[in-house]
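A.B. asks: Pasting the sequence and the predicted model now:
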Amino acid sequence: MEMKNIRRKYLVFISFMLVMISCKSGINHSTNEVSKVVSDCLTAPLLLSDTVGLKIGLYNQIKSGQSALYENSFDIETYLFKSSDLELTIPILMFELKKSGYIRPSKEDFKSKVREIFGRTIDYKIQSKYLYVNFNDFKDRKIKYYRNDNSIEIHPFSIFVFKEQMFISQLYALPEIFNYKEKYPEILEFEKKMETNKLNKLGESIFIYRWMDDEELDFQKNLKILVARNKYLFNNDLSQLDYLLENDSDFMEALIRTYNYCNDRKHKIWYEKR
C-alpha cells in the first residue's frame, strides 16, 4: 500500500509539472497528450523518473520545432535551451562513450588535460557541474546555452567540460543524439500532425521546420564525433585523428586557432594548409 501511495503522489507531481510546462512555454497540451505521458508513467518503475524527464524535454523540443521561417523572410529560433536541456543529454552521451570503450581518466588526469588543452582550471571544491568553453573567445567564461548551429544566427562555437563525468560535449538537442522516432513513436505521431503554419500574437506568419523533416539530421554521426573527440583528447587515441580532420574540421581548427593546442604533426600540417 505504501508503494502505491508513493506512485500516486509521483504521478500527481508529474501531471502538475506537465501543466506548469505547458503554461510557461505557451504550449496547449491536449488532455489526451498529458494523459498519455502519465499513462506511460504507470507502467514505468519509479526509478525511471529520468526517462519521464527525457520524454517531457523531448516533447517540448519537438513541439517548438527545429526552427521557423518568419514572414517568409528569415529563420528564427523557436526554442530557448537551458541548463536542464543540457543535463538531459548527459546519460545518453555517457552511455555512448562507455559503449565505445572510452576510458574515463582520473580526476587529476582530466583536470591536467583540460588545463593543457583549453587553459581552464577545474576546481572540484566548487559545486559547478561544468565549464563553458567558447572556441571564438578563450577569455569568455559566461555560460550560454546555444547549439553549434549557425543556420539561424551566428552563435559562439562552444563546448562544455563535464567535471564529474570527465568528458566534453557541445550542447545537443535531443533529436540530435538518439533515435526518438523509434523510442517514442507516439511523439513522432504527434509531430506528424502538428500545425506548421502559425500566426504569432502580432498576426505575423511563422512556418515551423519540424525535426522529422531534416534530411541531414544524423544522430549516429553526432555520437561518433563525440566519441572521437574524447578518445583523441583524453585517451590519446591517435586512430581518431583522421576521422576528426575529415568530419569535425571546425573543432579541430579551433583547437589550434583559439587554444594553440596541437599534439600531432598531421594535425598541424592539416591546419597550415587550410
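C.D. replies: Cool, got the structure. Numbering: from 1, shown residues only.

A.B. asks: in its sheet, what does whichever helix or strand Val161 is part of sit against?
C.D. replies: Using DSSP states H and E, Val161 maps to strand 158-162. With DSSP bridges as the test, strand 158-162 is paired with strand 130-134 (antiparallel), strand 167-169 (antiparallel).

A.B. asks: Name the residues of that strand that are buried.
C.D. replies: Using 16 or more other CB atoms under 10 Å as the test for burial, strand 158-162 gives Ser158, Ile159, Phe160, Val161, Phe162. Bear in mind the C-beta positions are built from the backbone N, C-alpha and C, glycine included.

A.B. asks: How confident was the prediction at the first one?
C.D. replies: Confidence per residue is given as pLDDT, and for Ser158 that number is 94.

A.B. asks: That one and Tyr132 touch, don't they?
C.D. replies: Yes - applying CB atoms under 8 Å, one finds Ser158 in contact with Tyr132, separated by 6.4 Å.

A.B. asks: hey, what's in contact with both of the two?
C.D. replies: Between them, Ser158 and Tyr132 share these contacting residues under CB atoms under 8 Å, 6 or more residues apart in numbering: Lys144.

A.B. asks: Name the residues that touch stretch 238-252?
C.D. replies: 135, 148, 157, 159, 221, 224-225, 227-229, 231-232, 264, 266-267, 270-271, 274.

A.B. asks: Start and end of that stretch, how far apart?
C.D. replies: 13 Å (CA to CA, to the nearest Å).

A.B. asks: Stretch 231-241 too?
C.D. replies: With CA to CA, one end of stretch 231-241 sits 10 Å from the other.

A.B. asks: pLDDT of it, averaged?
C.D. replies: The average of the pLDDT scores along stretch 231-241 is 97.

A.B. asks: how about low-confidence regions in the stretch 101-250 of the chain?
C.D. replies: By pLDDT under 70, the low-scoring segments of the stretch 101-250 of the chain are 150-154.

A.B. asks: how about 90 then?
C.D. replies: Flagging of the stretch 101-250 of the chain using pLDDT under 90 yields the residue ranges 127, 136-138, 149-157, 198-204.

A.B. asks: Helices of that one, start to end?
C.D. replies: Remark: helices assigned in the stretch 101-250 of the chain by DSSP state H, counting those that start in this stretch are 107-118, 180-183, 185-193, 219-234, 241-247, 249-257.

A.B. asks: all strands for the stretch 1-150 of the chain, in order.
C.D. replies: 67-70, 74-76, 130-134 (DSSP state E, counting those that start in this stretch).

A.B. asks: List the buried residues of stretch 122-136.
C.D. replies: Buried-residue list, stretch 122-136, by 16+ other CB under 10 Å: Ile122, Tyr130, Leu131, Tyr132, Val133, Asn134, Phe135.

A.B. asks: The fourth one pairs with what?
C.D. replies: Right, the one you point to is Tyr132. In beta-bridge terms (that is, DSSP bridges), Tyr132 pairs with Phe160.

A.B. asks: Was I right to think it contacts Lys139?
C.D. replies: No - applying CB under 8 Å, one finds Tyr132 not in contact with Lys139, separated by 11.9 Å.

A.B. asks: mind checking pLDDT for the closest residue to Leu54 other than its chain neighbours?
C.D. replies: In this structure, Leu54 finds its nearest non-sequential neighbour in Leu88, 5.7 Å apart by CB to CB, 6 or more residues apart in numbering. According to the prediction, Leu88 has pLDDT 96.

A.B. asks: ok, Phe70 - contacts?
C.D. replies: I think there's a mix-up here, since residue 70 is Tyr and not Phe. Going by CB under 8 Å, 6+ apart, Tyr70 touches Ile76, Glu204, Ser205, Ile206.

A.B. asks: count of residues packed around the last one?
C.D. replies: Just to be clear, that refers to Ile206. Neighbour count of Ile206, defined by other CB atoms under 10 Å: 17.

A.B. asks: OK, contacts around it?
C.D. replies: Applying CB under 8 Å, 6+ apart to Ile206 gives the contacts Ala68, Leu69, Tyr70, Glu71, Ile76, Asn197, Lys198, Leu199, Asn200.

A.B. asks: now the fifth one, which residues is it bridged with?
C.D. replies: Under the criterion DSSP bridges, Ile76 forms beta bridges with Ala68.
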